[in-house]
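Engineer: Could you look at this predicted model? Sequence included:
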Amino acid sequence: MPSRIEDYALIGDTQTAALVGLDGSIDWLCLPRFDSPACFSALLGDESHGRWLLAPAAEVRRTERCYRKDTLVLETDFHTDDGVLRVVDSMPIRDQAPDVVRIAHCTKGRVTVRMELVLRFDFGHVVPWVRHTGDGEGLTAIAGPDAIHFVPGRPTTGEDLTTTARFELEAGESVPFVLTWYPSHVPEPDPVDAHAATEDTTRWWRHWSRRSRYDGRHRDLVQRSLITLKALTYAPTGGIVAAPTTSLPEAIGGVRNWDYRFCWVRDATLTLQALLHAGYTEEAGAWRDWLLRAVAGSPDEMQIMYGPAGERRLTEIEVDWLPGYEGSTPVRIGNAASDQFQIDVFGELMDALLLAREDGLSSDDDAWTLQVALMGYLEEVWDEPDEGLWEVRGGRRHFVHSKVMAWVAFDRAVRMAEEFGREGPVDRWRELRAQVHREVCERGFDRERGTFTQSYGSRGLDAATLMIPLVGFLEPGDERVTGTVEAIMRELYVDGFVLRYDTHDAEDGFPPGEGAFLPCSFWLAQALAATGAADDAATLLENLINFGGPLGLYSEEVDPTTGGLLGNYPQALTHATLIQAALAIREATTDRAVTPAQPRTPREPAL
């Protein structure tokens, strides 16, 4: 039985990432090459496709774990009848090769420790050739372009294609293990000192966290989200991935299983906005440089997503040798949505670049040249149908959210010219801004029901229209805004969560059914704060945060019935919208305690 998604912790080094289970097993590890990044399982909890277990050999009575404050260094305490084993997990920040460092430390009594390492490459498909290194102190595993150097702290044996070790520790004793990936055609990288690297990594993250200027309620949770967003950046290029995993399902047993290990312009932009609001302008500059490289070329070839280094060919394939998380198939590698046409990305991009400029990012002539070129293309295509924010595969439509974001693009272009003296066809942009605004209000608003709809002429609702007051398209007090918020709460608000749209009535090209969408739930909190219902917004936020993992990590969706997380994990968009909701509520309320109205109780973690 796979572990629950929310029972996994994230470790990472701003280039790679791994997920650590509550039982002490690392079941997923991304490697630097996004197109072949798994040396452990592509499915959480699927032991046949790779794992790395470090835990007590005896029965565990209780498990406690936490991150070291303001870091991504994980500490897990396993309580047994005879003692307590603490496993410290981290991925050191370094320039050479990515490492996973694990330290087994006995804090009380005496414990017998077991270590099991099952190495598989190419999404669990390839069993590597394993041999002892020349010095006899480590192992090397090689298959094709991938190689792993493993330095165990105790002697190991090989059993059934598994590297194992078993040893005892007394209170105060520690044993380190270091696993390092490197290209198989180059020499093994220099070894790291596990203890020194762990302390260096702790200091690095705390230094980074001290740059945060958020000081409102839920500071620790907001900072955890900021750390998670930083972990999802790809430091060599500045790209920001949506999530480090693929094919974790949006509904157990369903087919909405996508590969999120790429850089969506939209998600990265909203992530950037959250980082900027917290004071992280350095990341904004790196992201802008990544964007300039990624979208270089003809504006009509701009994609909605790219690889972390700006790769464009993200061909989607189905991996039929993997059974899927809890039987949810297919497992997908790559993402066909990279070929979709989505108008809203122009608005999010222009909004982020304006915000970065207003927040002190230095002027860049190349960036403005790119923006003008993109606006020229948008002038030609804004009135065409598209696949929309939710990447439907049932045909293009005139999505209201897409048109609103086209308005945002023209509005931000005008503001860049007005506020910073940038040259461009400002009068034409003003005219188009007004034209888009009129069309959306005429064709996207259902006067009978008093709400904006998902697309022109439809009756279905879309939680993305909650963005209308947040981007300045209409004032928060406008009756069309309040009517939309009320309609969404009537029709899409289920058990304290917001659905993206009604998948049972939608023509989106997929079978119906999915979890409630957490980013939409945080958007509702923002919209409530903006429309004067700040206490309701604060109450909603208080209730929503109960449904993250015990370490403050969130995926894309949640099952309203069980409270279990669904979708790829952790999800950048969810953490970004959580931060934005907290900021909006901080601005709309005094810093007083808000009592949740009968919050649901999160499930206790399995021991």
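Structural biologist: Great, that's in hand. Numbering: from 1, shown residues only.
Engineer: Relative to A97, how far out is I343?
Structural biologist: 41 Å (C-beta to C-beta, to the nearest Å). C-beta here means a position set from N, CA and C on the backbone, and glycine is covered the same way.
Engineer: my read: P330 touches I317, true?
Structural biologist: No - look at P330 against I317 with C-beta atoms under 8 Å: they stay out of range, at 9.2 Å.
Engineer: Compare these two and say which is more crowded by neighbours.
Structural biologist: Applying other C-beta atoms under 10 Å to P330 and I317 shows that P330 carries more neighbours, namely 15 against 12.
Engineer: What's the per-residue pLDDT of the closest residue to S338 other than its chain neighbours here?
Structural biologist: What sits nearest to S338 in space, not counting adjacent residues and going by C-beta to C-beta, 6 or more residues apart in numbering, is L314, at 4.2 Å. On the pLDDT scale, L314 is placed at 92.
Engineer: wait, isn't L314 in contact with N335?
Structural biologist: Yes - contact criterion C-beta under 8 Å: L314 and N335 qualify, at 5.3 Å.
Engineer: Show me where the protein has its helices.
Structural biologist: Taking DSSP state H, the helices of the chain run over residues 194-209, 219-231, 265-277, 281-294, 344-358, 365-381, 400-420, 426-443, 467-470, 479-491, 518-530, 534-544, 572-588.
Engineer: got those as JSON lines, with distance to E170, mean neighbour count and mean pLDDT columns?
Structural biologist: Converted to JSON lines, these look like this (distance: least, C-beta to C-beta, whole Å; neighbours: other C-beta atoms under 10 Å; pLDDT from 0 to 100):
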{"stretch": "helix 194-209", "distance to E170": "18", "mean neighbour count": "17", "mean pLDDT": "97"}
{"stretch": "helix 219-231", "distance to E170": "34", "mean neighbour count": "21", "mean pLDDT": "96"}
{"stretch": "helix 265-277", "distance to E170": "45", "mean neighbour count": "25", "mean pLDDT": "88"}
{"stretch": "helix 281-294", "distance to E170": "44", "mean neighbour count": "20", "mean pLDDT": "89"}
{"stretch": "helix 344-358", "distance to E170": "54", "mean neighbour count": "23", "mean pLDDT": "91"}
{"stretch": "helix 365-381", "distance to E170": "59", "mean neighbour count": "16", "mean pLDDT": "93"}
{"stretch": "helix 400-420", "distance to E170": "60", "mean neighbour count": "23", "mean pLDDT": "97"}
{"stretch": "helix 426-443", "distance to E170": "69", "mean neighbour count": "16", "mean pLDDT": "98"}
{"stretch": "helix 467-470", "distance to E170": "57", "mean neighbour count": "22", "mean pLDDT": "97"}
{"stretch": "helix 479-491", "distance to E170": "58", "mean neighbour count": "18", "mean pLDDT": "97"}
{"stretch": "helix 518-530", "distance to E170": "44", "mean neighbour count": "26", "mean pLDDT": "96"}
{"stretch": "helix 534-544", "distance to E170": "44", "mean neighbour count": "22", "mean pLDDT": "94"}
{"stretch": "helix 572-588", "distance to E170": "40", "mean neighbour count": "25", "mean pLDDT": "95"}
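Engineer: before we move on, the earlier item: next, count neighbours for the residue nearest to S338.
Structural biologist: L314 has 21 neighbouring residues, counting by other C-beta under 10 Å.
Engineer: need the contact list for it.
Structural biologist: By C-beta atoms under 8 Å, 6 or more residues apart in numbering, L314 lies in contact with F262, M305, Y306, G307, G334, N335, S338.
Engineer: on that earlier part again, pull up the overlap in contacts between L314 and N335.
Structural biologist: Common contacts of L314 and N335 (C-beta under 8 Å, 6+ apart): F262, M305.
Engineer: Surely H49 touches G324?
Structural biologist: No - applying C-beta under 8 Å, one finds H49 not in contact with G324, separated by 11.4 Å.
Engineer: distance of G395 from L492?
Structural biologist: Taken as C-beta to C-beta, the span from G395 to L492 is 22 Å.
Engineer: who's more crowded, the two?
Structural biologist: Shown here are G395 and L492; by other C-beta under 10 Å, L492 has more neighbours (23 against 10).
Engineer: confidence score at the more buried one?
Structural biologist: 93.
Engineer: OK, contacts around the closest residue in space to it that isn't next to it in sequence?
Structural biologist: Distance criterion C-beta to C-beta, 6+ apart; nearest residue to L492, sequence neighbours excluded, is L499 at 4.5 Å. The neighbours of L499, taking C-beta under 8 Å, 6+ apart as the test, are A463, L492, Y493, E514, A516, F517, C520.
Engineer: D13: which of the residues you listed is nearest?
Structural biologist: Proximity of those to D13 (C-beta to C-beta) peaks at F517, which lies at 29.4 Å.
Engineer: Name the nearest residue to the closest one, sequence neighbours excluded.
Structural biologist: Closest residue in space to F517, ignoring its immediate chain neighbours: R500 at 4.5 Å, by C-beta to C-beta, 6+ apart.
Engineer: My read is that that neighbour contacts L461, right?
Structural biologist: No - applying C-beta under 8 Å, one finds R500 not in contact with L461, separated by 9.7 Å.
Engineer: so what sits against both of these two?
Structural biologist: With contacts defined as C-beta under 8 Å, 6+ apart, the residues shared by R500 and L461 are L492.
Engineer: picking up where we left off before, and the two most separated of the contacts of L499?
Structural biologist: The farthest-apart pair in these, when distances are taken by C-beta to C-beta, is Y493 and E514, at 15.4 Å.
Engineer: returning to what we had before: which residue of I343 and A97 possesses the greater neighbour count?
Structural biologist: For I343 versus A97, the count of surrounding residues by other C-beta under 10 Å is larger for I343: 26 against 19.
Engineer: Excluding sequence neighbours, find me the nearest residue to that one.
Structural biologist: S402 (4.1 Å).
Engineer: check contacts around the one you found.
Structural biologist: Going by C-beta under 8 Å, 6+ apart, S402 touches Q342, I343, D344, D386, G388, L389.
Engineer: Same check on G253?
Structural biologist: Neighbouring residues of G253 by C-beta under 8 Å, 6+ apart: E326, G327, S328.
Engineer: Repeat that for S225.
Structural biologist: Applying C-beta under 8 Å, 6+ apart to S225 gives the contacts A274, G552, Y554, H575, A576, L578, I579.
Engineer: quick one, phi psi at K69?
Structural biologist: Backbone torsions of K69, given as degrees, to the nearest 10, read phi -50, psi 130.
Engineer: From A9, how far out is it?
Structural biologist: K69 is 15 Å from A9, where distance means C-beta to C-beta.
Engineer: okay, those two: which has more neighbours?
Structural biologist: Taking other C-beta under 10 Å, K69 and A9 do not tie; A9 has more neighbours (24 against 13).
Engineer: thinking again about what came up before, with distance to Y214 as extra columns, can I get the contacts of S225 in TSV?
Structural biologist: Shown next, in TSV, are the contacts of S225 (distance: C-beta to C-beta, whole Å):
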residue	distance to Y214
A274	10
G552	14
Y554	17
H575	13
A576	13
L578	12
I579	8
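Engineer: Extract the residue ranges of the stretch 1-150 of the chain that are flagged as low pLDDT.
Structural biologist: 1-2, 31-48, 134-136 (pLDDT under 70).
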